[in-house]
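Chemist: Task: produce atomic coordinates for the following.
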Amino acid sequence: MMMESIIGKLRSLDAYPKINEDFYSRTLSGGVITLASSIVMLLLFISELRLYLHSVTETKLVVDTSRGERLRINFDVTFPALACSMVSLDAMDISGEQHLDVRHDIIKKRIDAHGNVIETRPDTIGGPKIERPLQRHGGRLEHNETYCGSCFGAETSEDECCNNCEEVREAYRKKGWALSNPDLVDQCKREGFLQMIKDEDGEGCNIYGFLDVNKVAGNFHFAPGKSFQQSNVHVHDLLAFQKDSFNISHKINRLAFGDYFPGVVNPLDGVEWIQQTPNAMYQYFLKVVPTVFTDVNGHTIQSNQFSVTEHVKGSELGRLQTLPGAFFFYELSPIKVTFTETHVSFLHFLTNVCAIVGGVFTVSGIIDSFVYHGQKAIKKKMEIGKFS
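Modeler: Numbers count the residues shown, from 1 in each chain. Reported below is the predicted structural model:
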């Protein structure tokens with residue numbers, strides 16, 4: 001008796017009373033609504049399942065409190081009308097650190113007018129025009145002597161030697177002097193420096209690699225000639241090339257501040273600029289935003305995003321008022337963006353599925369009831385002749 005009483009009480013709690021099938025009334029409209037609601041439930045379930053299986057990204061903005069970090073700048077730039085022997089890369093920042101004529105961690109590729117890569121050739125272009133090099137003391141190199149070339153007044157000590165054209169140019173750069181006529185320098189004349197410039201006329205250069213700089217505001221630029229400081233002003237030695245104009249047309253194949261992470265967009269990738277005047281300075285002003293990306297496995301990538309604005313300074317032939325080149329000025333934002341990948345929890349997925357099934361079932365029931373009673377009322381009026 002006690003068991004039957006408990007069962008009876010449980011039966012009274014049934015919120016889903018059953019109706020005898022003999023009292024069911026199935027309609028065509030009900031079948032159509034059932035089919036439509038089933039399709040809607042299936043589509044919503046598939047959509048929710050895709051969201052559950054894929055990660056979602058949460059974005060936050062925080063103040064960047066990092067200190068003493070370095071900034072890696074990855075670049076790949078092509079100059080279709082500027083020879084590799086002319087273009088140089090410099091980097092400097094507001095802390096006073098300078099990297100002039102950067103050569104480490106970068107690669108230059110000579111390209112022809114059609115963009116095809118030309119095989120790299122040795123630095124000493126053109127055979128020696130003078131068999132015995134000129135010694136620092138003024139005489140010619142004898143068989144029993146060790147070669148020590150003159151720096152032509154740019155020596156920092158009495159025993160300093162400049163044994164090739166590049167070392168002479170570097171010594172002049174450190175002194176802040178311009179090398180106006182390389183043919184007057186024995187090393188440059190023997191190596192055929194000017195002939196090399198003439199041979200590369202019409203060629204282009206693809207330069208790529210990376211810079212490792214302080215994480216402070218600064219700039220880096222690609223420009224013809226060696227750079228040096230003169231009266232605290234950054235200048236480039238263009239006299240050695242004996243040219244009146246330089247074509248700085250360029251294409252930025254890639255420019256990124258830091259490592260790649262999913263979803264990053266570098267606005268300068270693929271950007272191309274064609275020079276319209278004999279000389280021009282093309283300036284890019286970049287706002288760099290520190291970014292931290294964390295994937296679903298907890299792996300963190302420290303990188304950066306940036307926005308850019310552009311400005312061009314042109315000059316006419318014979319009026320070189322600005323240094324020709326492509327300049328990139330960058331500033332660091334004090335705000336850091338964090339992206340965190342997460343998965344939707346199973347309980348959240350289950351709750352949404354129940355909401356989909358229950359919501360669609362309830363709404364379709366309301367629609368079915370409205371259609372059924374509407375049809376019934378219209379049919380009744382038609383029977384008594386009041387429907388018009």
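Chemist: what's the strand or helix carrying I367 packed up against?
Modeler: Counting by DSSP states H and E, the element that carries I367 is helix 346-384. Contacts defined by 3 or more C-beta pairs under 8 Å, 6 or more residues apart in numbering; DSSP states H and E place helix 346-384 against helix 28-53. Yep, even glycine has a C-beta here, placed from its N, CA and C like the rest.
Chemist: Give me the mean pLDDT for the helix it packs on.
Modeler: Over the span of helix 28-53, the pLDDT mean works out to 87.
Chemist: How about the contacts made by the residue lying closest to H250 once chain neighbours are set aside?
Modeler: Setting aside the residues directly before and after it, H250 is nearest to F79 in space (C-beta to C-beta, 6 or more residues apart in numbering), at 5.0 Å. With contact set as C-beta atoms under 8 Å, 6 or more residues apart in numbering, F79 has these partners: V87, G204, C205, N206, I207, F222, I248, S249, H250.
Chemist: Please repeat the previous calculation with a cut-off of 10 Å.
Modeler: 86-87, 111, 203-207, 222, 224, 246-251, 325-326 (C-beta atoms under 10 Å, 6 or more residues apart in numbering).
Chemist: Show the pLDDT at it.
Modeler: The model's pLDDT for F79 equals 93.
Chemist: Kindly report the same for the one 3 residues further on.
Modeler: What the model reports as pLDDT for L82 is 86.
Chemist: Using the three-state scheme, assign L286.
Modeler: Secondary structure assignment for L286 (DSSP: H, G, I helix; E, B strand; the rest coil): strand.
Chemist: And the helices in the stretch 101-250 of the chain, which stretches?
Modeler: 165-175, 186-191, 193-199 (DSSP state H, counting those that start in this stretch).
Chemist: In terms of mean pLDDT, which of these ranks lowest?
Modeler: Minimum mean pLDDT among these: helix 193-199, a mean of 65.
Chemist: Convert the C-alpha atoms of the helix or strand G8 falls within to CSV, please.
Modeler: Using DSSP H and E, G8 sits within helix 2-12. Output of helix 2-12 as CSV, limited to C-alpha atoms (Å, rounded to 0.1, in the frame of the first residue of the first chain):
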residue,chain,number,x,y,z
MET,A,2,2.8,2.4,0.9
MET,A,3,4.6,1.7,-2.4
GLU,A,4,1.3,2.4,-4.3
SER,A,5,0.9,5.6,-2.4
ILE,A,6,4.4,6.8,-3.3
ILE,A,7,3.8,5.9,-7.0
GLY,A,8,0.5,7.7,-7.0
LYS,A,9,2.1,10.9,-5.6
LEU,A,10,4.8,10.7,-8.2
ARG,A,11,2.2,10.2,-10.9
SER,A,12,0.4,13.4,-9.7
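Chemist: any idea of the mean pLDDT in that helix?
Modeler: Averaging pLDDT along helix 2-12 yields 76.
Chemist: Can you tell me which helices and strands it packs against?
Modeler: Packed against helix 2-12 by the contact rule (3 or more C-beta pairs under 10 Å, 6 or more residues apart in numbering; DSSP states H and E) you find no helix or strand.
Chemist: Quick one: distance of it to the chain centre.
Modeler: Between the centre of helix 2-12 and the centre of its host chain there is 71 Å, according to C-alpha atoms, centre = their mean, to the nearest Å.
Chemist: Repeat that for stretch 351-370.
Modeler: 48 Å.
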